[in-house]
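Participant: make a model of this:
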Amino acid sequence: SLVALLLTGNSSRRRKTFSPSLDEERDGMAKYAYAPLSVEEGGGRRRGRSPHDAAGAADSDDQLVNERMPMCVGICVLLAIVYVLAAPGAGPALAPQQQAGGAAQNMPAVVTSGTPDVAPVTSAATRPSTAAGTAASAAGSTPAVPSTPVSTPVTAYAATTAAAAAAGNPQEPCNCDGLVDPSTVDMGTLRAKALESTPPHIIECAKADANSDQSACHLPAEKRYAALGQKGATLWMTGCSGAGKTTIATALEKKLVKEYGKHVYRLDGDNLRTGLNRDLTFSEADRAESVRRTGELSTLFADSGVITLVGLISPYRGDRDMVRKRHEDQGIPFYEIFLDVPVDELKKRDPKGQYARVEAGELKHFTCIDDPYEEPLNPEITLKTHELAIEQSVDMLFRRLEKDGILEGAPKVSPPGLPNPDGDEIIDLHVPPELRSQRIAEAETLPKVLITDVDLNWLQVIGEGWAAPLKGFMREGTLLETIHFNSILVDPFNLTGNALRHETKTDFAHFNDRQAPQRVSMSVPITLSCTSYTKEDIEKSNKGAVALVTQMGQTVAILRDPEIYSNRKEEIITRMFGVIDPGHPYIQHIDSGGDYLIGGEVELLDRIRYNDGLDKWRKTTKELSAEFKAKGADTVYAFQTRNPTHAGHAYLMRSAGEDLRSQGYQKPVLWLSPLGGWTKEDDVPLDVRVRQHEEVLQAGTTHPGGLDPETT
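Facilitator: Residues are numbered from 1 along each chain as shown. Modelled structure (predicted):
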């Protein structure tokens, strides 16, 4: 068909009839149409030609055949060659035997468009003998070929399979047809050389700084983690087969995801060797490559904020150390967790029956039996799972993550064992010593606001960080959130543009349309009242700040950018207490205040002291945190009293500490917090109670009512 087409393909040009039309005249170019043709049964002469044209047409046909004949012959020869090479028995498998006509026979096998289900390999029985092939060539005829269908040739797939099989059995030579013999290739060495030659630290773009976001490759880690509400970390569980890596990782994943809503993913041999590591064997080099790949993957996962749980035997210490270094170079927390279980215990467990197969001689080179396992020298956590229940192991890992702040998105600002303050920022509003004289001089020029003793107490609470994240007396928007929701919304990392929502004047007409992401407890209004006279004095001064002065005439603080608004006393009282009782001391305080409230941020000019002999016990949040850290606390429990402690109190406090130690905490520290402020008329005065607490600490644990000063 192809030859006929080539011989006659150009005749279509001769069979076009030229028929001018109005369209042709308009467009200036000819339009062609094919004329109908027919072939006579006998002579094959075409109808539709006049006798006058017959002679010329015949000469033209002969000339065309002569021009096309060499090309047609060449194509026929090429097709014959392709057919012979594609036939079963031809190709590389016959190359050593075929010498026909001295032609080059070492040609590659033709790969069909689809790989057959079973790739046939030509056997010696189906090959034509060399003699038969030579005789056929000498006779100028085609040699006999097997009756195997043409659609199932010896493919490259079959050749590769055969080569691999030969490589796997060193007793048999590899018929690799000039290709590389797989049995002579050390993939581990090749891989190591490739990694050495790869340029390290290829950076396509820089990480974002603190003031950038998607304009660079990555969000700043601080913002990413704050938005996710957690930090990324890798927990690398290593140990012999059957030690419990998968069991504990699965239980920890379930706890973190279902109970705490954290983003966690588990990597182990089951999901790695079916995909990423499916090309790796259990040789030493391939085990090292498996650890390297998994280490790189866990680094990326953890960098994205995922708590990544890896469960691999990873028997070689050097490989694990390289993964650790990769994490450390990226600033990512890495925990090596050694599941330390004796081999005899592992043989008893034998969940997959592998140790029994080793004993029976069915498995060789089994790690921890006849292949080495190098124990970690300094793991972050060691789990003797044969001595611990699954829940105990999970709790140990969970507490470590909690202690290190991994389960919080914000940077850890509190000592281990303590949660971050509300708003994830330690508040200390005291003026630095080097600026104190300058601020005192400034305060002399500002309008004065007289404060009560209760206001002074609240100023101390705010300035020392006890009301975090507040940095001053409440503005109107903050007060409304407090009395209606018992909480306020904050955005400490400015994820939604609301970082300063509590430090700017309330504007009800222009609220941010994006809600701040974090809600913190704030159930008590902390406000500062003033009279209409003070309000007018502040507004006439055109100053951006006011000085706060005690009833003794001492200037104690500066309040910046004051916001003055109505003091809706009844609304505050009813929302705060649910009742109106004029006899309640704090309700009396609210009712006695001025008609206006002043909101704004404060700066304390000095520590607020009462000079009653108890100031040494009035510690700021920063000082108290330093005490906990100095005592090595891994958790803190508090006991607040409004009376002197007695033996019953001491028993409760000591037993609470013992209970925490039984849960795995190493050094729980007791915070004994005597209640100051208003108490009932028949309560023991604060100074007497504090001195009694001092005696309790001095008595120590040898006294039934004593406490341990090292942990209190």
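
Participant: gap between the two ends of stretch 426-443?
Facilitator: Using CA to CA, to the nearest Å, the end-to-end distance of stretch 426-443 comes out at 25 Å.

Participant: residues of that stretch that come out buried?
Facilitator: 427, 429-431, 439, 442-443 (16 or more other CB atoms under 10 Å). Placement of C-beta: from N, CA and C, glycine included.

Participant: reformat the residues you listed as a markdown table; add secondary structure, distance to Gly261 and pLDDT.
Facilitator: Below are those laid out as a markdown table (DSSP: H, G, I helix; E, B strand; the rest coil; distance: CB to CB, whole Å; pLDDT from 0 to 100):
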| residue | secondary structure | distance to Gly261 | pLDDT |
| --- | --- | --- | --- |
| Ile427 | coil | 28 | 94 |
| Leu429 | coil | 34 | 96 |
| His430 | strand | 38 | 97 |
| Val431 | coil | 41 | 97 |
| Arg439 | helix | 45 | 96 |
| Glu442 | helix | 48 | 96 |
| Ala443 | helix | 48 | 96 |
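
Participant: pick out the most distant pair among the residues you listed.
Facilitator: Largest separation among those by CB to CB: Ile427 and Glu442, giving 21.6 Å.

Participant: Glu681: which element?
Facilitator: Here Glu681, judged by DSSP states H and E, is contained in no helix and no strand.

Participant: so how far is Asp581 from it?
Facilitator: Here Glu681 is placed at a distance of 17 Å from Asp581 (CB to CB, to the nearest Å).

Participant: these two: which has the busier surroundings?
Facilitator: Shown here are Glu681 and Asp581; by other CB atoms under 10 Å, Asp581 has more neighbours (11 against 4).

Participant: per-residue pLDDT, the nearest residue to that one once chain neighbours are set aside?
Facilitator: Distances taken as CB to CB, 6 or more residues apart in numbering put Ile587 closest to Asp581, at 5.8 Å, once the chain neighbours are dropped. Here the pLDDT value assigned to Ile587 is 93.

Participant: give me every residue that touches Ile587.
Facilitator: 573, 577, 580-581 (CB atoms under 8 Å, 6 or more residues apart in numbering).

Participant: any of these buried? List them.
Facilitator: Ile573.

Participant: closest to Ser183 among the contacts of Ile587?
Facilitator: Nearest member of the contacts of Ile587 to Ser183, counting by CB to CB, is Phe577, at 86.6 Å.

Participant: doesn't His584 make contact with the closest one?
Facilitator: Yes - Phe577 is in contact with His584 according to CB atoms under 8 Å; the separation is 7.0 Å.

Participant: endpoints of stretch 678-689, how far apart?
Facilitator: Stretch 678-689: ends 14 Å apart by CA to CA.

Participant: what's the burial count for the residue nearest to Thr452 when sequence neighbours are not counted?
Facilitator: Spatial nearest neighbour of Thr452, excluding adjacent residues (CB to CB, 6+ apart): Gln551 at 7.0 Å. Residues lying near Gln551 (other CB under 10 Å) number 11.

Participant: Gln551 is in contact with Asp455, isn't it?
Facilitator: No - judged on CB under 8 Å, Gln551 makes no contact with Asp455 at a distance of 9.7 Å.

Participant: SS state for Ser523?
Facilitator: coil (DSSP: H, G, I helix; E, B strand; the rest coil).

Participant: tally of neighbours for the residue nearest to it when sequence neighbours are not counted?
Facilitator: Spatial nearest neighbour of Ser523, chain neighbours left out: Asn486 (4.3 Å); criterion: CB to CB, 6+ apart. Asn486 has 14 neighbouring residues, counting by other CB under 10 Å.
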